[in-house]
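Asks: Sharing a model prediction with you, sequence too.
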Amino acid sequence: MNFFDLVNISEKEMKILNPMFKEKFEQLGNNMGLNEQKAVLDLACGFGEILAIWGTKFGVTGTGVEIREYACEKARKRLEELNLNNLAIECQNASNYTTKSKYDIVSVIGASFIYNGFQNSIKNMKAMMKEDGKLVIGEPYLIKEPMNQDVKQFIEDEGVLNEFELLEIIRNEGFELEYMVRSSQDEWDYYESQNWIGLNKWLVENPCHPDWDTVKNHLRESQDNYFKYGREYIGWAVYVLREQ
């Protein structure tokens, strides 16, 4: 069983694949001035739910790019259910995605790993942004400096930066931080728990599957990491950037 198979199992019961509720994404849209004239490119869009929220609330046009066929099928079905004909899903590796079109909003929400981090995401995303456009990046951040060496090593391995370090990167790449919205602890807990629901449900329904132990270990590792490291030390926020 590969990594994407595990992700598909864990996310099966979810719509928004990030630790933030619908209302905050609507708040983001309001503050960015989204409307029917705005075009959005959402890279690594998952099930397309953020596009669906902005399409329903503001009437935006645009494209979502996602590598997983399973996720693309769910995203297309979701957009079709909502009659959002001005939004499309392209099934390909977002890290290699190029387009001649320029977008008002280019977003990578919870997936900066496709460009190997926050700074490289800004470098790659701005090439697809209109001159007066905005970048939208959902990113974990370090809440407080860990004292324990084990926690320090985990944070270092995950590449999590504190928010001042993120701010410095934003400015050094020629952007200003225009707006941000943070996830609450309840949103983090809900997001993690929704992943566990998917994994637990699969384990109950597939007791004889040859990859049963792999899925169980993935579940337990996810829970261990969250309670030992993530819940206390790592937050999550969406940052809206404009060019200087």
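Replies: That came in fine, so what should we check first? Numbers count the residues shown, from 1 in each chain.
Asks: Hmm, Phe154 and Leu142 touching each other?
Replies: No: using CB atoms under 8 Å, Leu142 makes no contact with Phe154, being 11.0 Å away. To be clear about C-beta, it is placed using only N, CA and C from the backbone, and glycine gets the same treatment.
Asks: Helix, strand, or coil at the residue in the chain sticking out farthest from the centre?
Replies: In the chain, Cys208 marks the outermost C-alpha relative to the chain mean, sitting 32.7 Å out by CA atoms, centre = their mean. For Cys208, the assignment made with DSSP: H, G, I helix; E, B strand; the rest coil gives coil.
Asks: And the spatially most central residue of the chain, how far from Glu90?
Replies: By CA atoms, centre = their mean, the mean C-alpha position of the chain lies nearest to Gly110, the distance being 2.4 Å. Plainly put, Gly110 is 19 Å away from Glu90 if you go by CB to CB, to the nearest Å.
Asks: Ok, Tyr97 next?
Replies: In terms of CB to CB, Tyr97 sits 7 Å off from Glu90.
Asks: List of residues touching the longest helix along the chain?
Replies: For the chain, the helix with the greatest residue count under DSSP state H is helix 185-205. Helix 185-205 is touched from outside by 9-14, 18-21, 24, 183, 212, 215-216, 218-219, 222-223, 226, 230-231, 235-236, with contacts defined as CB atoms under 8 Å, 6 or more residues apart in numbering.
Asks: returning to what we had before: in this structure the residue nearest to the centre of the chain contacts Asn18, no?
Replies: Yes: Gly110 is within contact range of Asn18, at 4.3 Å (criterion: CB under 8 Å).
Asks: Any stretches of the protein with poor pLDDT?
Replies: Under the criterion pLDDT under 70, no range of the chain is flagged.
Asks: where do the helices sit along it?
Replies: Under DSSP H, the chain gives helices at 3-10, 22-32, 49-58, 69-81, 118-125, 149-158, 163-172, 185-205, 212-225, 231-233.
Asks: Tell me which of those helices sits nearest to Gln244.
Replies: Minimum separation from Gln244 across those (CB to CB) falls at helix 163-172, 7.7 Å.
Asks: coming back round to it: quick one: common contacting residues for Gly110 and Asn18?
Replies: Gly138, Trp236.
Asks: which residues does the residue lying closest to Lys38 once chain neighbours are set aside contact?
Replies: Of all residues not flanking Lys38 in the chain, Asp104 sits nearest, at 4.4 Å (CB to CB, 6 or more residues apart in numbering). Neighbouring residues of Asp104 by CB under 8 Å, 6+ apart: Gln37, Lys38, Ala39, Val40, Met129, Lys130, Asp132, Gly133, Lys134.
Asks: Okay, the closest residue in space to the first one that isn't next to it in sequence and Leu161: tell me how far apart.
Replies: Leaving out its chain neighbours, the residue that sits closest to Gln37 by CB to CB, 6+ apart is Asp104, at 8.0 Å. To Leu161, Asp104 is 27 Å away according to CB to CB.
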